[in-house]
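# let me see the structure of the following:
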Amino acid sequence: MTYLLDVAVEAGEAAASILLEKFTDSVLRSSAKSDATDLVSEADRAAETTIRRVIHTHRPMDSLMGEESAEVRGTSDLRWIIDPLDGTENYLRELNPWCTSIACEDDRGTIVGVVVDPMRSEIFTALRGAGVIAPGSRQHAGSSAPNRLEEALVVTGRLSTQSSRSLFDHAGKVRNFGCVALSLAWTAAGRCDICYFENERLSRWDAAAGGLLCTEAGLSVEWLSPLQPGAPPRLVVGPPHLVEALASAGWKGSRA
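As a prediction, this is how the structure comes out:
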């Protein structure tokens, strides 16, 4: 498993280097002003191509599933889940945060998770059963979280229902960073206290690596059924006592 983690870090760093180069290339930025989405598409594709090349070099028999291209089926029992650029809108507007997310899974779930933040030169890693490694002084989210929801920093995204929006009247502070994978990584590192996402565009590759980071940090990671018919499924992540506090504040629904 350590070898798989090394492969993920190598692939993530290679992709991050490409994304950072395109992000800071003023000539490229200027040429893309008429259709800025072309820049993001080019960066996405180039980063994913690089990730696939690195993984295939080391693990040619594994399956790969990425955001930008069709899944490639391998013959081993391992599958890589790739998000070359999470936080696309931030990247497009020359804002932070944005990141690269890479995970590897077997039939028991996620084995390896890596989230690379190129702008801060930070790498968050997790290995199933071996804990999480995060930059900075807060290495374990559960030990650094406040006791009460009213004191917590809650990270969320676009909320689909009024009932879910009202949940955060009880939270101390609420942030939307526009980057699911890095929000989860920061929660695993103790920089944020709890994550709550409900978005029809929330995909497997958004949360595969970040979910393992949070699990290995001792946090609860739960996919929940929608609050009402037609609403998207929800993801809630945090220390068990804050997840329960959020439930008590008005969150309803069962595990998905």
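# now do stretch 210-224: distance from first to last residue.
One end of stretch 210-224 sits 17 Å from the other (C-alpha to C-alpha, to the nearest Å).
# ok, stretch 213-223 next?
End-to-end distance (C-alpha to C-alpha), stretch 213-223: 15 Å.
# buried residues in that stretch?
By 16 or more other C-beta atoms under 10 Å, the buried positions in stretch 213-223 come out as 213-221. In this view, the C-beta of every residue, glycine as well, is placed from N, C-alpha and C.
# who's in contact with residue 188?
Going by C-beta atoms under 8 Å, 6 or more residues apart in numbering, residue 188 touches 124, 126, 132, 134, 141, 210, 213-214, 216-217, 219.
# three-state assignment of the residue nearest to residue 183 when sequence neighbours are not counted?
Leaving aside its sequence neighbours, residue 183 sits nearest to residue 155 (C-beta to C-beta, 6 or more residues apart in numbering; 4.5 Å). Under the three-state scheme (DSSP: H, G, I helix; E, B strand; the rest coil), residue 155 adopts strand.
# hang on, the earlier thing: how about the buried residues of stretch 213-223 in CSV, adding secondary structure?
Shown next, in CSV, are the buried residues of stretch 213-223 (three-state DSSP):
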residue, secondary structure
213, helix
214, helix
215, helix
216, helix
217, coil
218, coil
219, coil
220, strand
221, strand
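# quick one: low-confidence ranges for this structure?
Residue ranges of the chain with pLDDT under 70: 26-39, 68, 137-144, 160-168, 170, 200-202, 225-232, 249-256.
# then the one helix or strand residue 8 maps to to PDB, C-alphas only?
Element membership of residue 8, judged by DSSP states H and E, is helix 2-24. The C-alpha trace of helix 2-24 is given here as PDB (Å, rounded to 0.1, in the frame of the first residue of the first chain):
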ATOM      1  CA  THR A   2       2.900   2.400   0.600                       C
ATOM      2  CA  TYR A   3       4.000   1.800  -3.000                       C
ATOM      3  CA  LEU A   4       0.500   2.800  -4.200                       C
ATOM      4  CA  LEU A   5       0.700   6.000  -2.100                       C
ATOM      5  CA  ASP A   6       4.100   6.800  -3.600                       C
ATOM      6  CA  VAL A   7       2.500   6.400  -7.100                       C
ATOM      7  CA  ALA A   8      -0.400   8.700  -6.200                       C
ATOM      8  CA  VAL A   9       1.900  11.400  -4.800                       C
ATOM      9  CA  GLU A  10       4.100  11.300  -7.900                       C
ATOM     10  CA  ALA A  11       1.100  11.600 -10.200                       C
ATOM     11  CA  GLY A  12      -0.400  14.400  -8.100                       C
ATOM     12  CA  GLU A  13       2.700  16.400  -8.100                       C
ATOM     13  CA  ALA A  14       3.200  16.000 -11.800                       C
ATOM     14  CA  ALA A  15      -0.400  17.200 -12.500                       C
ATOM     15  CA  ALA A  16      -0.100  20.000 -10.100                       C
ATOM     16  CA  SER A  17       3.000  21.300 -11.800                       C
ATOM     17  CA  ILE A  18       1.100  21.500 -15.100                       C
ATOM     18  CA  LEU A  19      -1.900  23.200 -13.600                       C
ATOM     19  CA  LEU A  20       0.300  25.700 -11.800                       C
ATOM     20  CA  GLU A  21       2.200  26.500 -15.000                       C
ATOM     21  CA  LYS A  22      -1.000  27.200 -16.900                       C
ATOM     22  CA  PHE A  23      -2.500  29.100 -14.000                       C
ATOM     23  CA  THR A  24       0.400  31.600 -13.800                       C
END
